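Colleague: Okay, sequence plus prediction incoming.
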Amino acid sequence: MADVFGLGIESSCDETAVALVKNGREILAAPIFSQIEIHKPFGGVIPENASRAHLDKIPWLLKEALAQFEHPLAKLSYVAATVKPGLTGSLLVGYNTALAVSLLSQAPIIPVHHLEAHLYAAILEGKKIEPPFLGLLLSGGNSAIFRVDGLSKVTVLADTMDDACGEAFDKAASLLQFPYPGGPEIEKAALRFMAENNITLTAEESWSQKNPLPVILKDQPRVEPRFSFSGIKTALLYLLEKQSNPYYSRDALAYFFLQRATESVRRNLGIALESSGLKQVVFAGGVAANSYLRAHVEKVCRRHQAELIVPHRSLCTDNAAMVAAVGYLYYQAGYIPQVYAVASDNAFNFQPS
């Protein structure tokens, strides 16, 4: 069987990425430009600045990725591009670039749902993902649990009522005066506090009782999983305002915040596993790189005798290789979604052509 070469393009938010992937598994090239330094002075992503950076960088990344072959356009079997969800201007840069490559190469363009790409990222490591499975996706823009029955057959079981998990981490980090992006800084501070106080993952109950931040959705019925992170962020703000002479260190508050957020994730995942009966969980998205959260998700899966699949940290954050990988699954299935425009919403409503 002839090798299949796919080009992936990702530009949904603040990472400009292009990847060339062989047979949906082997990454031949994956240049990426991170916009962190561009957005750091503002403490968050500025959409207009993100779009301009994509426009500036994507031609160079495309050139680098395609330099693997002497006649790269003749080699391409398909071109996969993220079309939703994301920042509209940023998505347009990637999608229009993909359209141009598709026209020049005569390779079909495969529109890709950004969240679905995250859920299948682990196949790039040879991990076997078999629908139906449960997808736990935590990132800067999403906090959700999905039931995945196949390509484009995705049902939302739990969503966020307010902030996304990664967004809440960034806001909490800002309150604690940690640098942007805040998620990694919250984790580092929390792990420092745990090390200094000899806190282990198997003996955190007493620390949960000492936690000055409230339990998220404490009175929520056990049968309805849903995320909410705004309350603990506000509670952290009020706690900091009351501390004229700080009683809790920044590291302690980072740990308490991370502990409460993780308790919510554990609770919702447990409910979803009980109600669905599924025995495979894919944990993906940028927040899945958090080692503390990973360890607790693993504990929940063990308790429910479910297999846990988590991509390597390099594949948790936004990247083009995962876009090319899920594009390969569509290409092999002969199922190409009929999409003619980008969109900011995260609905799974693709239709076959």
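Modeller: Structure's in. What do you need? Numbers count the residues shown, from 1 in each chain.
Colleague: can you list the domain ranges for the chain.
Modeller: Taking automatic domain parsing as the reference, the chain has its domains at 5-124+315-333, 131-310.
Colleague: closest to Phe348 out of these?
Modeller: Phe348 lies closest to domain 131-310 among the domains of the chain, at 4.3 Å (Cβ to Cβ). C-beta coordinates here come from the backbone N, C-alpha and C atoms, glycine included.
Colleague: So which residues make contact with stretch 67-82?
Modeller: With contact meaning Cβ atoms under 8 Å, 6 or more residues apart in numbering, stretch 67-82 is reached by 4-12, 20, 28-29, 66, 91, 94-95, 97-98, 101-102, 104-105, 107-114, 117, 323-324, 326-328, 330-331.
Colleague: Apply 6 Å and report the result again.
Modeller: With contact meaning Cβ atoms under 6 Å, 6 or more residues apart in numbering, stretch 67-82 is reached by 4-10, 12, 20, 28-29, 66, 94-95, 98, 101-102, 104-105, 107-110, 112, 114, 323-324, 327, 331.
Colleague: What residues of it count as buried?
Modeller: Neighbour counts over stretch 67-82 (16 or more other Cβ atoms under 10 Å) mark 72, 75-82 as buried.
Colleague: how long is it from one end to the other?
Modeller: Start-to-end span of stretch 67-82 (Cα to Cα, to the nearest Å) is 22 Å.
Colleague: Tell me where the model's unsure across the chain.
Modeller: Counting by pLDDT under 70, the chain contains low-confidence residues at 218-224, 244-246, 350-353.
Colleague: For it, which segments count as strands?
Modeller: Taking DSSP state E as the test, the strands found in the chain are 5-10, 15-22, 26-29, 32-34, 76-84, 109-113, 133-138, 143-150, 153-158, 280-284, 307-309.
Colleague: re the thing from before, can you name the two of the buried residues of stretch 67-82 that sit furthest apart?
Modeller: Spanning the widest gap among those are Lys75 and Thr82, at 21.8 Å by Cβ to Cβ.
Colleague: returning to what we had before: using CSV, please lay out the buried residues of stretch 67-82 together with distance to Pro311.
Modeller: Formatted as CSV, the buried residues of stretch 67-82 follow (distance: Cβ to Cβ, whole Å):
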residue, distance to Pro311
Pro72, 27
Lys75, 26
Leu76, 25
Ser77, 23
Tyr78, 22
Val79, 23
Ala80, 17
Ala81, 20
Thr82, 17
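Colleague: Pick the most buried one from the domains of the chain.
Modeller: Comparing the domains of the chain by mean neighbour count (mean count of other Cβ atoms under 10 Å), domain 5-124+315-333 ranks first with a mean of 21.
Colleague: now the end-to-end length of that one.
Modeller: Using Cα to Cα, the end-to-end distance of domain 5-124+315-333 comes out at 15 Å.
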